[in-house]
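Asker: A structural model of the following input is requested.
(one chain, ligands or ions: 3)
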Amino acid sequence: MEVATTVVVAPAPAADDKALQQKLFELKLKPSSTKLPAPAPAKKASAKPAAKKKLAGGSGGYVLEDVPHLTDYLPNLQSFPNPLQNHPAYSVVKQYFVNAGDTVAKKIVVHKSSARGTHFRRAGPRQRVYFQPDEVSAAIVTCGGLCPGLNTVVRELVCGLHDMYGVTSVVGIEGGYKGFYARNTVELTPRSVNDIHKRGGTVLGTSRGGQDTAKIVDSIQDRGINQVYIIGGDGTQKGAATIHEEIQRRGLKCAVVGVPKTIDNDIAVIDKSFGFDTAVEEAQRAINAAHVEAESAENGVGVVKLMGRNSGFIAMYATLASRDVDCCLIPESPFYLDGKGGLLEFAEKRLRDNGHMVIVVAEGAGQDLIAKSMNLADTHDASGNKLLLDVGLWLCQKIKEHFKKKANSPITLKYIDPTYMIRAVPSNASDNVYCSLLAHSAIHGAMAGYTGFTVAPVNGRHAYIPFYRITERQNKVVITDRMWARVLCSTNQPCFLSHEDVEKAGQDDEEPNVPLVEGENSLVKVSPLQ
Ligand SMILES: Nc1ncnc2c1ncn2[C@@H]1O[C@H](COP(=O)(O)OP(=O)(O)O)[C@@H](O)[C@H]1O
Ligand SMILES: O=P(O)(O)OC[C@H]1O[C@](O)(COP(=O)(O)O)[C@@H](O)[C@@H]1O
Ligand SMILES: [Mg+2]
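Answerer: Ligands and ions are numbered 1, 2, ... in the order given. Sure, this is the predicted structure:
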């Protein structure tokens with residue numbers, strides 16, 4: 001059985017041992033022995049808190065950050081040959097099952113002397129499964145804000161379970177987490193979900209707040225659900241982690257699988273989230289409209305607000321894709337309005353030079369500036385997310401006030417806020433394919449007995465990632481990285497930052513999603529060319 005073989009730390013030479021010890025130290029774990037602790041006794045709920053990290057080491061500084069398996073706490077669980085081996089669609093594929101030891105590297109850009117580093121378990125079908133098809137009772141829930149592709153994931157989970165594994169019992173939980181205990185379930189069949197990928201939103205409904213772990217697990221237990229697919233963003237994945245811990249504590253045979261959803265692309269580790277490409281594409285239409293309006297008026301200014309609470313990826317990619325943008329403002333890069341090097345001085349220059357300009361602003365940008373100027377206290381939504389002040393309206397007002405004071409330069413300003421229009425559209429072709437692969441990877445993992453994981457591509461390969469990796473920090477634009485430099489190059493906007501700000505940003509930045517070779521991503525520490 002593959003699980004038992006992979007959790008054992010392979011004996012490594014002394015130098016490699018050192019690297020592993022260092023890695024374990026960085027992960028704040030006690031490197032007590034070369035073997036992971038023995039699995040907990042079967043069925044009976046353990047009083048001990050669930051083990052958070054499951055690590056295995058190998059040579060050359062290799063570390064596998066593994067995901068839990070049902071046999072970790074139910075060691076006598078029976079396994080069965082994977083029914084896919086008899087499936088006509090897959091019988092012709094040369095190597096359909098992934099190798100038991102396959103893992104996906106977190107970093108792929110390395111030096112010849114680099115340690116092999118962190119890896120995640122590769123997603124995909126296994127030779128043996130831990131559920132008989134007629135034993136599976138699956139549930140799907142969607143939580144948090146809308147995002148293009150939610151329906152596609154739901155559809156592909158239902159059809160994938162049915163078509164690949166012959167699973168017929170799948171229900172949808174309506175209205176997000178609270179639906180587990182406040183609403184009835186809806187039966188999902190390949191027929192009932194056939195067309196849903198063509199619609200925006202989620203056919204299951206969604207919500208914020210109302211996450212009561214004990215009540216949710218009671219509902220899972222009472223309904224006899226043994227596979228839960230939870231589609232949602234960072235908040236949702238935190239909720240999924242607590243649900244998994246409670247399920248493990250009660251000793252239930254139930255796989256908990258997270259499918260990461262975020263239009264803002266703010267989930268760490270993963271390459272990107274579904275719906276992001278669609279959002280960037282849709283944002284182009286708004287930027288284009290703003291540009292047409294601005295170009296057609298005397299001193300025309302177009303302001304477009306895009307989503308991105310704490311992470312400005314949509315604004316950054318939409319700006320790069322469009323080429324019509326004169327200034328892109330994101331939460332990660334502070335800016336200021338007045339004085340030398342400020343936004344208003346830049347706007348004056350752009351209007352003088354080009355006669356028009358387009359500003360793209362992410363919803364989370366400039367929040368400190370607005371709060372300061374309005375003296376407002378923080379408020380939060382039902383999930384605990386900070387409610388943002390409308391940076392778009394505020395910015396338009398400031399620009400208008402500024403140019404009103406200048407007698408000879410009247411401007412025509414048009415403000416476009418397409419945010420809810422963008423997230424309501426159905427997913428585009430590439431996101432649809434992505435959603436299908438995600439759903440299939442999720443199903444293969446659950447059928448193989450893995451649990452307590454989020455599935456997503458890491459460096460182009462689908463992997464099973466422990467929940468804590470996804471929830472411990474948010475993915476943000478690294479403003480000392482080359483991608484942000486490309487934006488600044490493309491718009492020729494001011495960088496607004498002092499040398500100290502850049503240095504501070506460099507220190508604050510955690511490892512960016514795109515692995516970078518040490519020293520290569522810094523604008524301040526430029527090393528000579530080799
Ligand atoms: N720290 C947390 N622990 C448990 N549940 C959470 C946590 N944060 C959010 N949730 C729940 O997850 C669901 C979605 O969270 P939300 O932040 O609204 O959206 P998203 O998952 O898209 O980030 C909500 O029902 C919320 O109550
Ligand atoms: O008005 P709502 O539904 O609370 O959603 C607004 C928020 O939802 C988002 O689109 C996505 O946020 P989540 O990923 O947390 O669901 C944010 O960009 C935006 O601030
Ligand atoms: Mg969120």
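Asker: need phi/psi at Glu135.
Answerer: The phi and psi values for Glu135, taken as degrees, to the nearest 10, are phi -90, psi -20.
Asker: so how far is ligand 2 from it?
Answerer: 34 Å (Cβ to the nearest ligand atom, to the nearest Å). For the C-beta atoms, the positions are set from N, CA and C on the backbone; glycine is no exception.
Asker: what is the burial count for Ala56?
Answerer: Neighbour count of Ala56, defined by other Cβ atoms under 10 Å: 23.
Asker: which non-adjacent residue is nearest it?
Answerer: Leu64 (4.3 Å; Cβ to Cβ, 6 or more residues apart in numbering).
Asker: helix or strand: which one has the one you found?
Answerer: For Leu64, the host element (DSSP states H and E) is strand 62-66.
Asker: same check on Gly205?
Answerer: Gly205 belongs to no helix or strand, assigned by DSSP H and E.
Asker: how many neighbouring residues does it have?
Answerer: A count of nearby residues for Gly205, using other Cβ under 10 Å, gives 17.
Asker: list the contacts for the closest residue in space to it that isn't next to it in sequence?
Answerer: Leaving aside its sequence neighbours, Gly205 sits nearest to Gly175 (Cβ to Cβ, 6+ apart; 4.3 Å). Under the criterion of Cβ atoms under 8 Å, 6 or more residues apart in numbering, the neighbours of Gly175 are 182-183, 204-207.
Asker: the residue nearest to Ala56 and ligand 3, how far apart?
Answerer: Distance, Leu64 to ligand 3, by Cβ to the ion, to the nearest Å: 28 Å.
Asker: elements contacting the helix or strand that contains Val360?
Answerer: Val360 is part of strand 356-362, with elements assigned from DSSP H and E. The contact analysis (3 or more Cβ pairs under 8 Å, 6 or more residues apart in numbering; DSSP states H and E) places strand 356-362 against helix 276-296, strand 300-306, helix 313-322, strand 327-329, helix 343-354, helix 391-404.
Asker: between the third one and strand 356-362, how many degrees?
Answerer: Using axes from the mean of the first three to the mean of the last three Cα atoms, to 10 degrees, one finds that helix 313-322 and strand 356-362 are set 150 degrees apart in direction.
Asker: just the CA atoms of helix 313-322, as CSV, please.
Answerer: In CSV, the C-alpha atoms belonging to helix 313-322 read as follows (Å, rounded to 0.1, in the frame of the first residue of the first chain):
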residue,chain,number,x,y,z
PHE,A,313,-3.5,40.2,-9.5
ILE,A,314,-6.5,40.9,-11.6
ALA,A,315,-5.6,44.6,-12.0
MET,A,316,-2.0,43.7,-12.7
TYR,A,317,-2.7,41.1,-15.4
ALA,A,318,-5.5,43.1,-16.9
THR,A,319,-3.2,46.1,-17.2
LEU,A,320,-0.5,44.0,-18.8
ALA,A,321,-2.9,42.4,-21.2
SER,A,322,-4.7,45.6,-22.2
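Asker: show residues contacting that helix.
Answerer: 263-266, 272, 276, 279-280, 283-284, 287-288, 291, 306-308, 325, 328-330, 360-362, 365, 422, 475, 477, 483-484, 486-487, 490-491.
Asker: for ChimeraX, what selects the buried ones among the residues you listed?
Answerer: Listed next is the ChimeraX selection for buried residues among these, using 16 or more other Cβ atoms under 10 Å:
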select :263,264,265,266,272,276,279,280,283,287,291,306,307,308,325,328,329,330,360,361,362,365,422,475,477,483,484,487,490,491
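Asker: any chance of the contacts of Gly175 in CSV, plus distance to Ile416 and pLDDT?
Answerer: Below are those laid out as CSV (distance: Cβ to Cβ, whole Å; pLDDT from 0 to 100):
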residue, distance to Ile416, pLDDT
Ala182, 37, 89
Arg183, 36, 85
Leu204, 30, 98
Gly205, 28, 97
Thr206, 25, 97
Ser207, 28, 96
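Asker: quick check: closest non-adjacent residue to Leu388.
Answerer: Nearest in space to Leu388, with sequence neighbours left out and distances taken as Cβ to Cβ, 6+ apart, is Glu363 at 5.4 Å.
Asker: measure that neighbour to ligand 1 for me?
Answerer: As for Glu363, its distance to ligand 1 is 14 Å (criterion: Cβ to the nearest ligand atom).
Asker: what's near enough to touch that residue?
Answerer: Glu363 sits next to 305-309, 388, 390-392, 419 when contact means Cβ under 8 Å, 6+ apart.
Asker: now do 10 Å
Answerer: For Glu363, the contacting residues are 264, 305-310, 312, 314-315, 330-331, 388-392, 417, 419, by Cβ atoms under 10 Å, 6 or more residues apart in numbering.
Asker: now these: which count as buried?
Answerer: Using 16+ other Cβ under 10 Å, the buried members of these are 264, 305-310, 312, 314-315, 330-331, 388-389, 391-392, 417, 419.
Asker: list phi and psi for the residue of the stretch 401-530 of the chain found nearest ligand 2.
Answerer: Of all residues in the stretch 401-530 of the chain, Arg423 sits closest to ligand 2, at 5.4 Å by Cβ to the nearest ligand atom. Dihedral angles of Arg423 (phi, psi; degrees, to the nearest 10) stand at phi -80, psi -10.
Asker: ok, the residue in the stretch 301-450 of the chain positioned nearest to ligand 2 - contacts?
Answerer: Across the stretch 301-450 of the chain, no residue is closer to ligand 2 than Met307, which sits at 3.6 Å (Cβ to the nearest ligand atom). Residues in contact with Met307 (Cβ under 10 Å, 6+ apart) are 145, 147, 262-265, 279, 283, 313-315, 362-364, 418-420, 422-423.
Asker: residues of the host helix or strand of Val217 that come out buried?
Answerer: Per DSSP H and E, Val217 falls inside helix 213-223. Buried residues in helix 213-223, counted by 16+ other Cβ under 10 Å: 213, 216-217, 219-220.
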